[in-house]
Structures are given as C-alpha cells and as structure tokens.
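A.B. asks: please work out how this folds:
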Amino acid sequence: MESLIMNVTTAITAVSTIFLLGLLYVYYKNLKQAKSKFTIGLFLFALLFLVQNLVSLYYYIIMMEYYAPEVEVHVFILTLLQAVGFMILLKITWE
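C.D. replies: From the prediction side, this is the model:
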C-alpha cells in the first residue's frame, strides 16, 4: 500500500528534476560562452544532482512499498529541502 507522504515525496522529486533541467539549460548556455573551470563545475554539479534525482525518482516509483514508514518523513524532509534549494538556485541563476 502506497503512502501519501511517499507520493508527495515522489512529486517533489519530479519538480526538483524540472528545476535541475532549468539549471542545466542556463549552465550549458554559460558554458558555451565561457569555458572556464567554474562554468564546467556548475554544469557538472547540476548534472550529477539530476542523475541522483532521476535514480531517486525511479526507486520511489518502483520500490515505494519497500520504504519503511519510519524513514518516510525523513526522506520527505530531505527531498523538500533539496527542492527548495534548487528552486532558489534556479531563481537566482535565471536572473
């Protein structure tokens, strides 16, 4: 049986993935203009987080019933904080 909190966590992870795609778009544009170590680092930073989010999303969808109820709130809080961080970073980067 699926938990509501894990369904919300899955949705937030999907939103984080969208934020990361936006960051990758901006960082890729910057990388084409200035191939510095800093822009390469930002691009790789966002790319690695995107891979992590996609793997998490896969496991949330495929293995949701195996998550112990004791860790659901912990996973939700970490996912929410991560999404808020990516949202702030995207907002600042986009401007």
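A.B. asks: and the next helix or strand past the longest helix belonging to the chain?
C.D. replies: Scanning the chain for the helix with the most residues, using DSSP state H, yields helix 4-33. Next in sequence after helix 4-33, counting helices and strands by DSSP states H and E, comes helix 37-62.
A.B. asks: check which element follows that following helix along the chain.
C.D. replies: Going down the chain from helix 37-62, the next helix or strand is helix 69-94, by DSSP H and E.
A.B. asks: of all the residues in that following helix, which ones are buried?
C.D. replies: Under the neighbour-count criterion of 16 or more other CB atoms under 10 Å, helix 69-94 has 72, 75-76, 79, 82-83, 86, 89-90 buried. Using the backbone N, CA and C atoms, a C-beta is placed for each residue, glycine as well.
A.B. asks: got the angle between it and helix 37-62?
C.D. replies: Angle of helix 69-94 versus helix 37-62, following axes from the mean of the first three to the mean of the last three CA atoms, to 10 degrees, is 150 degrees.
A.B. asks: for helix 69-94, which helices and strands make contact with it?
C.D. replies: With contacts taken as 3 or more CB pairs under 8 Å, 6 or more residues apart in numbering; DSSP states H and E, helix 69-94 sits against helix 4-33.
A.B. asks: out of the buried residues of helix 69-94, flag the one nearest to Ile40.
C.D. replies: Of all the buried residues of helix 69-94, Ile40 sits closest to Leu89, with 17.1 Å by CB to CB.
A.B. asks: not counting its neighbours along the chain, what's nearest the residue positioned nearest the centre of the chain?
C.D. replies: Nearest to the mean C-alpha position of the chain, by CA atoms, centre = their mean, lies Ser16 at 3.8 Å. Closest residue in space to Ser16, ignoring its immediate chain neighbours: Ala83 at 4.4 Å, by CB to CB, 6 or more residues apart in numbering.
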